[in-house]
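Enquirer: Structure for the following, please:
(chains A and B)
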Amino acid sequence: MITVKNLHKSFHTQTGNVEVLKGIDQEIEKGEKVVVVGPSGSGKSTFLRCLNLLEQPTEGEVWFQGKQINAPGCDVDLLRRKIGMVFQHFNLFPHLTVQQNVTLAPVSLKLKTQEEADEQALLLLRRIGLTDKADSYPAQLSGGQKQRIAIIRALAMEPDVMLFDEPTSALDPEMVDEVLEVMKELAEDGMTMIVVTHEMAFAREVATRVIFMDDGAIQEEAEPDEFFDHPKNQHLTDFLSKVL
Amino acid sequence: MMFFCPPRTISFFSYISDEFYQSFVKDDRYLYIVDGLWNTLLITVFAVLIGIVLGTLVSLIKVAHSENPGRYRFLNAVATLYLTVIRGTPVVVQLMIMYYIILSGTEVSDIMTAILAFGINSGAYVAEIIRGGILSVDRGQTEAGRSLGLSQRKTMAKIVFPQALKNILPAIGNEFITLLKDTSIAGYIGIQDLTKGGDIIRSQTYSPFTPLLATAAVYLVIVIGLAALLGKLERRLRRSDYR
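Expert: Residues are numbered from 1 along each chain as shown, chains lettered A, B, ... in the order given. As a prediction, this is how the structure comes out:
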């Protein structure tokens, strides 16, 4: 479903070029739940953001459903409709109500009428138990509620894959579980997911494959049991000893 | 009670009423104020509209350029030139250039000339205000919009711009108030605006006190009204902030 070939990304800074991704190759199949872990600054968020071109790769190819997403002339907006994304800081639209947040994209892209979208929004809200918040504004919600809304906002586009960029890192500890719960349900429903997170328990429970990134490259990848119980890479062993 | 009032007060009141009569009633002089006010409002309202349209356009060009250099290079150069020239020269000079050079010998009316000059002037300030407003909206908002498949244009129109508008409202209100008062130089090209109207009465009665204070009072009342209106609008736009 997603193929990444020799992905490089450099940022220009005042002190020169910083290479954040140093050649990544990945093949992600439909239905996989890939969890990416690694120390901060390892490039895992940048890798995720390259998949829907929020970051433009400096070199290499990103393919999604048989189309090269970073080829010149490719209609990125069209492909992004099928790639949902959830951000660390939720990025809900503060000037819109919860319901409007969810219906904005499908309606303004003319995929649904307002009535259809409203109906779908209510179904999605019921799924996460927040129907009573439909007319609230994001400022009136807790962090956990915001992130759950952000997830269904992405789901309203009926994506084929969901990207999660540290979805629980900005949450108070007591709210982490309610978000992870929604993500687990999503995984059980068969959604293809790529999750950058520090929640190792979630990785072990939900992932079909765990990737360890360090220094801009994939150092190790394996199924969760193998990954956590028999790490081979020395950096991964060090990393796991710190976070587990 | 009148018996106990000092004589000086009586003469003061009669002086006031005579002043009022001389300044506004005699020869229907109040019409200078009324007609002048009409011209002032006419110029202000249409200049504000031109300023908004021009300012929005220029700010969008500048923002688009900063996100996508190369593609908007030419438009950005034009926008930058416009901002530099308009903000770098006094509005009264711009007004006279518009009247005596650019539109001289054309059929364009004086009022229209003033509307154009003030509108073009205001546009430069509005542009920078709006650009600041757009930049003040968190980058994550754009990313969220784009990640849902919305185009850059739709993201700007539905997500970034409405939020920017809320942030810039105080500054924009300030700009409109400034513009209203700036139109008081319209007399430079022979327009009888509110200020000129008050000044004509002064020159006829040789008494500056009443007509000039009256002129000032009219500006003040309009500005107070405008500020109240903007305050109301601002509270409305801030609804989503309330917890």
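
Enquirer: what's the following helix or strand after the longest helix along chain A?
Expert: For chain A, the helix with the greatest residue count under DSSP state H is helix A:173-188. Sequence-wise, the next helix or strand downstream of helix A:173-188 (DSSP states H and E) is strand A:192-196.

Enquirer: Show me what that next one packs onto, helices and strands only.
Expert: strand A:33-37, helix A:44-51, strand A:161-165, helix A:173-188, helix A:200-206 (3 or more C-beta pairs under 8 Å, 6 or more residues apart in numbering or on different chains; DSSP states H and E). No exception for glycine: its C-beta is placed from N, CA and C like everyone else's.

Enquirer: Quick one: find the helix or strand in chain B with the lowest mean pLDDT.
Expert: helix B:7-20 (a mean of 72; mean pLDDT, DSSP states H and E).

Enquirer: Now do the buried residues in it.
Expert: For helix B:7-20, the neighbour count (16 or more other C-beta atoms under 10 Å in any protein chain shown) marks no residue as buried.

Enquirer: Would you mind writing the CA trace of that helix as PDB?
Expert: What follows is helix B:7-20 as a C-alpha-only set of coordinates in PDB (Å, rounded to 0.1, in the frame of the first residue of the first chain):
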ATOM      1  CA  PRO B   7     -24.900  88.700  35.200                       C
ATOM      2  CA  ARG B   8     -21.800  87.200  33.600                       C
ATOM      3  CA  THR B   9     -23.500  83.800  33.200                       C
ATOM      4  CA  ILE B  10     -26.400  85.300  31.400                       C
ATOM      5  CA  SER B  11     -24.200  87.000  28.900                       C
ATOM      6  CA  PHE B  12     -22.200  83.800  28.500                       C
ATOM      7  CA  PHE B  13     -25.400  81.900  27.600                       C
ATOM      8  CA  SER B  14     -26.500  84.600  25.200                       C
ATOM      9  CA  TYR B  15     -23.000  84.500  23.700                       C
ATOM     10  CA  ILE B  16     -23.300  80.800  23.200                       C
ATOM     11  CA  SER B  17     -26.700  81.000  21.600                       C
ATOM     12  CA  ASP B  18     -25.600  83.800  19.400                       C
ATOM     13  CA  GLU B  19     -22.500  81.800  18.400                       C
ATOM     14  CA  PHE B  20     -24.700  78.800  17.600                       C
END
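
Enquirer: That helix: how far from the chain's middle?
Expert: 38 Å (C-alpha atoms, centre = their mean, to the nearest Å).

Enquirer: And the helices in the chain, which stretches?
Expert: Since no chain was named, I'll use chain A. Taking DSSP H as the test, the helices found in chain A are A:44-51, A:76-80, A:98-108, A:114-127, A:143-155, A:173-188, A:200-206, A:224-229, A:234-243.

Enquirer: that answer is for a different chain, and I need it for chain B
Expert: Under the criterion DSSP H, helices of chain B are mapped to B:7-20, B:30-67, B:73-88, B:91-97, B:110-136, B:139-147, B:152-155, B:161-182, B:194-205, B:209-237.

Enquirer: so what does the fourth one touch, helix or strand wise?
Expert: Think helix B:91-97. Using 3+ C-beta pairs under 8 Å, 6+ apart, helix B:91-97 is in contact with helix B:110-136.

Enquirer: Show me what the mean pLDDT comes to for the helix it packs on.
Expert: Regarding helix B:110-136, the rounded mean pLDDT is 96.

Enquirer: tell me what it is packed against?
Expert: Counting by 3+ C-beta pairs under 8 Å, 6+ apart, the packing neighbours recorded for helix B:110-136 are helix B:30-67, helix B:73-88, helix B:91-97, helix B:161-182.

Enquirer: could you say what helices and strands the second one packs with?
Expert: Spelled out, it's helix B:73-88. By 3+ C-beta pairs under 8 Å, 6+ apart, helix B:73-88 packs against helix B:30-67, helix B:110-136.

Enquirer: These into a markdown table, with extra columns for distance to residue B:100 and mean neighbour count?
Expert: Listed next are the helices and strands packed on helix B:73-88 as a markdown table, based on distance: least, C-beta to C-beta, whole Å; neighbours: other C-beta atoms under 10 Å in any protein chain shown:
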| stretch | distance to residue B:100 | mean neighbour count |
| --- | --- | --- |
| helix B:30-67 | 18 | 19 |
| helix B:110-136 | 10 | 22 |
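
Enquirer: To residue B:88, which of the ones you listed lies closest?
Expert: Of all the helices and strands packed on helix B:73-88, it is helix B:110-136 that lies closest to residue B:88, at 9.5 Å by C-beta to C-beta.

Enquirer: quick check: angle from the closest one to helix B:161-182?
Expert: 140 degrees (axes from the mean of the first three to the mean of the last three C-alpha atoms, to 10 degrees).

Enquirer: Spit out the contact partners of residue B:94.
Expert: Residues near residue B:94 by C-beta atoms under 8 Å, 6 or more residues apart in numbering or on different chains: B:86, B:117, B:120, B:121.

Enquirer: I'd say the first one and residue B:119 touch.
Expert: No. With contact defined as C-beta atoms under 8 Å, residue B:86 does not reach residue B:119; the gap is 10.8 Å.

Enquirer: residues in chain A within reach of chain B, list them.
Expert: For chain A, the contact set with chain B under C-beta under 8 Å from any C-beta of the partner chain comprises A:52, A:54, A:77-78, A:80-81, A:83-85, A:87, A:89, A:91-97, A:104-105, A:108-109, A:137-140, A:150, A:153-154, A:157.

Enquirer: Drop the exposed ones from those residues and show what's left.
Expert: Buried members of the residues of chain A next to chain B, counted by 16+ other C-beta under 10 Å: A:52, A:54, A:77, A:80-81, A:83-85, A:87, A:89, A:91-97, A:104-105, A:108-109, A:137-138, A:140, A:150, A:153-154, A:157.

Enquirer: if I pick the residue nearest the centre of chain B, what's in contact with it?
Expert: In chain B, the centroid-proximal residue (C-alpha atoms, centre = their mean) is residue B:179; its distance is 2.5 Å. By C-beta under 8 Å, 6+ apart, the residues touching residue B:179 are B:44, B:47, B:48, B:51, B:118, B:121, B:122.
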